[in-house]
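**Q** Sequence unavailable; structure follows:
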């Protein structure tokens with residue numbers, strides 16, 4: 001009888017243990033799902049850390065010692081550390097009840113002076129980063145000992161040429177950040193190369209007739225055309241704004257680095273009639289204003305907002321900040337635009353080749369998805385800055401300068417590859433990519449250049 005009793009007890013224990021493990025596994029999986037969005041954020045703020053702590057405390061996180069959860073927590077840790085660095089660089093030493101210097105020491109593995117409030121969040125993380133997944137082989141530049149391309153693929157007019165100067169080169173690609181103004185960045189590159197001085201892309205916004213404020217409020221989805229942005233700026237200002245007067249890249253924002261978010265936040269403050277107070281009380285707001293509008297006169301902005309009920313406030317600030325340059329040189333500019341439909345693709349490719357042969361840039365409107373393989377069909381604007389024969393494939397390829405920073409997230413193939421700047425054994429992405437003549441031709445919408 002005792003034997004049977006012991007067997008039943010053992011069976012109950014096994015079933016209970018199995019059920020408990022299943023419940024823990026479900027809780028751990030749910031925890032990973034709940035935490036995943038935080039690791040994808042640009043910044044992790046104090047309020048985020050409080051929410052994350054509550055999620056972690058809802059379960060014994062040590063029972064969820066999985067590779068997936070560790071990677072998520074490592075991502076959160078890195079984003080939080082970057083946020084803390086931004087605060088400290090701006091001489092802000094506290095956020096909420098947290099001593100940021102102490103937190104920095106904890107997150108970097110140094111000796112923390114005080115107990116860290118969010119220590120439970122990172123109980124599974126280590127000082128070592130998770131091993132990176134092996135990257136696919138990347139095509140960087142043609143081999144030093146090239147094979148001779150097949151005769152049928154060889155393009156005898158495809159001489160190698162990369163076009164750059166001090167203002168537009170392989171080291172200084174810009175980032176349109178979170179606004180849909182690719183056309184303005186492409187137009188800016190054409191003008192910057194022509195004048196050999198950086199022309200502001202923000203100053204070339206046109207947005208289909210909508211004000212900047214309207215575009216921002218609607219999610220920055222209007223888009224535009226390279227040639228129209230140049231022509232309208234010539235018509236409106238008789239010249240162009242320099243980057244130094246009206247920045248359009250690499251904003252030194254306090255904590256929040258997204259240009260769209262800054263503009264949207266400023267519009268909201270103005271409409272709620274609280275930004276006058278915030279300008280006195282919010283250290284970050286003042287710093288952000290100086291980053292986007294270095295020479296802004298705060299009193300003028302406040303007066304305009306009070307008298308005009310905040311209507312087109314951002315537009316007013318852009319006009320106030322923009323100092324017109326190249327008025328004499330601009331009178332000599334002629335903008336040429338060619339569109340698929342009116343002309344065939346071969347004629348557009350000939351125009352690009354002619355510009356390269358002359359040592360000048362070409363703006364292109366194109367379907368990026370036809371190059372990247374993505375499903376979206378939205379148009380994009382960039383600039384062609386070079387050409388080469390890929391000695392490995394025999395393809396004539398074109399070097400496209402993007403406006404998404406120095407990253408390159410293309411899935412590389414024999415017809416598409418990320419360009420890298422290489423020094424010795426070190427290679428870094430440059431924000432440019434190579435694309436075969438066939439793919440570029442298929443993707444083209446229009447071509448714009450300066451005569």
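**A** Structure's in. What do you need? Predicted model, so just to flag it, every value in this text is computed and none were measured. Residues are numbered from 1 along each chain as shown.
**Q** any low-confidence regions in the stretch 251-400 of the chain?
**A** Where the stretch 251-400 of the chain drops to pLDDT under 70, the residues are 256-257.
**Q** quick one, strands of the stretch 51-200 of the chain?
**A** Per DSSP state E, counting those that start in this stretch, the stretch 51-200 of the chain carries strands over the ranges 94-95, 98-99, 161-162.
**Q** For the second one, name the packing helices and strands.
**A** Meaning strand 98-99. Counting contacts by 3 or more Cβ pairs under 8 Å, 6 or more residues apart in numbering; DSSP states H and E, strand 98-99 is packed against no other helix or strand. C-beta: built from backbone N, CA, C; applies to glycine.
**Q** what comes into contact with that strand?
**A** Strand 98-99 has contacts (Cβ atoms under 8 Å, 6 or more residues apart in numbering) with 46, 49, 93, 114, 117, 118.
**Q** And the third one, how far from residue 429?
**A** In this case it means residue 93. 35 Å (Cβ to Cβ, to the nearest Å).
**Q** again, but for the fourth one
**A** Taking Cβ to Cβ as the criterion, residue 114 is separated from residue 429 by 40 Å.
**Q** try the first one
**A** Taking Cβ to Cβ as the criterion, residue 46 is separated from residue 429 by 33 Å.
**Q** can you tell me how far residue 54 sits from residue 70?
**A** 20 Å.
**Q** Ok, residue 448 next?
**A** 49 Å.
**Q** I'd guess residue 357 is in a strand, am I close?
**A** No: counting by DSSP: H, G, I helix; E, B strand; the rest coil, residue 357 is located in no strand; its state is helix.
**Q** picking that back up, please say which of residue 114 and residue 429 ends up with more neighbours.
**A** Comparing residue 114 with residue 429 by other Cβ atoms under 10 Å, the one with more neighbours is residue 429, at 17 against 12.
**Q** where's the more buried one, which helix or strand?
**A** For residue 429, the enclosing helix or strand under DSSP states H and E is strand 426-436.
**Q** And for residue 233?
**A** Using DSSP H and E, residue 233 sits in helix 226-237.
**Q** Within its sheet, name the partner strands of the helix or strand residue 398 falls within and how each one runs.
**A** For residue 398, the host element (DSSP H and E) is strand 396-401. Using DSSP bridges, the strands paired with strand 396-401 are strand 379-389 (antiparallel), strand 426-436 (antiparallel).
**Q** Of those strands, flag the one that's most buried.
**A** Counting by mean count of other Cβ atoms under 10 Å, strand 379-389 has the highest mean neighbour count of these, with a mean of 23.
**Q** And the pLDDT at the closest residue in space to residue 193 that isn't next to it in sequence?
**A** Leaving aside its chain neighbours, residue 193 sits nearest to residue 168 (4.4 Å; criterion: Cβ to Cβ, 6 or more residues apart in numbering). pLDDT recorded at residue 168 is 97.
**Q** which phi and psi does residue 168 have?
**A** Main-chain dihedrals, residue 168, degrees, to the nearest 10: phi -130, psi 110.
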